[in-house]
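1. have a look; sequence and predicted model below, questions after that.
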Amino acid sequence: ELKVEQNPLFLSMQEGKNYTIYCNYSTTSDRLYWYRQDPGKSLESLFVLLSNGAVKQEGRLMASLDTKARLSTLHITAAVHDLSATYFCAVGVRPSNSGYALNFGKGTSLLVTP
Amino acid sequence: SAVISQKPSRDICQRGTSLTIQCQVDSQVTMMFWYRQQPGQSLTLIATANQGSEATYESGFVIDKFPISRPNLTFSTLTVSNMSPEDSSIYLCSAGSAGGGIFGPGTRLTVL
């Protein structure tokens, strides 16, 4: 059974600081997703990482993937309050020609304070 | 990328009743997925719905409790049957794409 572990589960950080969220998974997969969820909202896709060494950046967020270590990271640079949300990583399983079923981590609840 | 809509957005139901949730995608997709997010929890895959065949259920989910229809390439329904308070969750449908799984807005279900 594929296990996806995120840490930390809760993160309170000051504005302007940097931090990294880690996502470990237990079996081989060729794609990893990062999502953001605001309270009461659905999931917003942030990144899809498709290959070993993949790095993607959008604004203050940067995601990377090491398939050999089965590890993905989401790095936050100079945090701002608007980044406060829950962040999920998810590993794609059972590839089809029209999408992957996803196995989710427990999520990291991020609070950015002044 | 695809846009997914769901109905209803929320509902409050009595125990023992059933609710059918509809999911509409604005483009044709082979696979659709149904997830459950219990309060304060992560997402758990309920089943995969492939057009023209029976849905494939994950461990812990059965067809009698969560029957799924997939009549065409843009639409699916999930029924939550004989509901109990433990079924109170957000139910989300998702459609795959090469760029990543896209999620609908979710259906927030409360069972009294």
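-> Yes, it's here. Given the structure is predicted, the values throughout are model-derived calculations rather than measurements.

2. interface residues of chain B facing chain A?
-> For chain B, the contact set with chain A under C-beta under 8 Å from any C-beta of the partner chain comprises B:29-31, B:33, B:35, B:41-45, B:48, B:92, B:94-97, B:99-106. From N, CA and C alone the C-beta is placed, and that goes for glycine too.

3. please repeat the previous calculation with a cut-off of 7 Å.
-> Within reach of chain A by C-beta under 7 Å from any C-beta of the partner chain, chain B has these residues: B:29-31, B:33, B:42-43, B:45, B:48, B:92, B:95-97, B:99-106.

4. hang on, A:M13 packs against A:T108?
-> No. Counting by C-beta atoms under 7 Å, A:M13 stays clear of A:T108, with 11.1 Å between them.

5. mind checking which of the two has more residues around it?
-> For A:M13 versus A:T108, neighbours defined as other C-beta atoms under 10 Å in any protein chain shown are more numerous around A:T108 (21 against 16).

6. ok, B:A49 - contacts?
-> B:M32, B:W34, B:A55, B:I68, B:R70, B:S76 (C-beta atoms under 7 Å, 6 or more residues apart in numbering or on different chains).

7. secondary structure class for B:I21?
-> strand (DSSP: H, G, I helix; E, B strand; the rest coil).

8. which pLDDT value belongs to it?
-> You'll see B:I21 listed with a pLDDT of 98.

9. what distance do you get for it to chain A?
-> Shown here: B:I21 relative to chain A, a distance of 13 Å by C-beta to the nearest C-beta, to the nearest Å.

10. and the residue of chain B nearest chain A?
-> B:G96 (0.7 Å; C-beta to the nearest C-beta).

11. where's A:L49 relative to chain B, distance?
-> Taking C-beta to the nearest C-beta, one finds A:L49 at 10 Å from chain B.

12. and for the closest residue to that residue other than its chain neighbours, the neighbour number?
-> Excluding the flanking residues, the one nearest A:L49 by C-beta to C-beta, 6 or more residues apart in numbering or on different chains is A:L65, at 3.9 Å. Per other C-beta under 10 Å, the neighbour tally for A:L65 reads 26.

13. ok, A:L65 - contacts?
-> Counting by C-beta under 7 Å, 6+ apart, A:L65 touches A:L32, A:L49, A:N52, A:A54, A:S72.

14. I'd like the residues you listed as JSON lines, with pLDDT appended.
-> Converted to JSON lines, these look like this (pLDDT from 0 to 100):
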{"residue": "A:L32", "pLDDT": "92"}
{"residue": "A:L49", "pLDDT": "93"}
{"residue": "A:N52", "pLDDT": "86"}
{"residue": "A:A54", "pLDDT": "90"}
{"residue": "A:S72", "pLDDT": "97"}
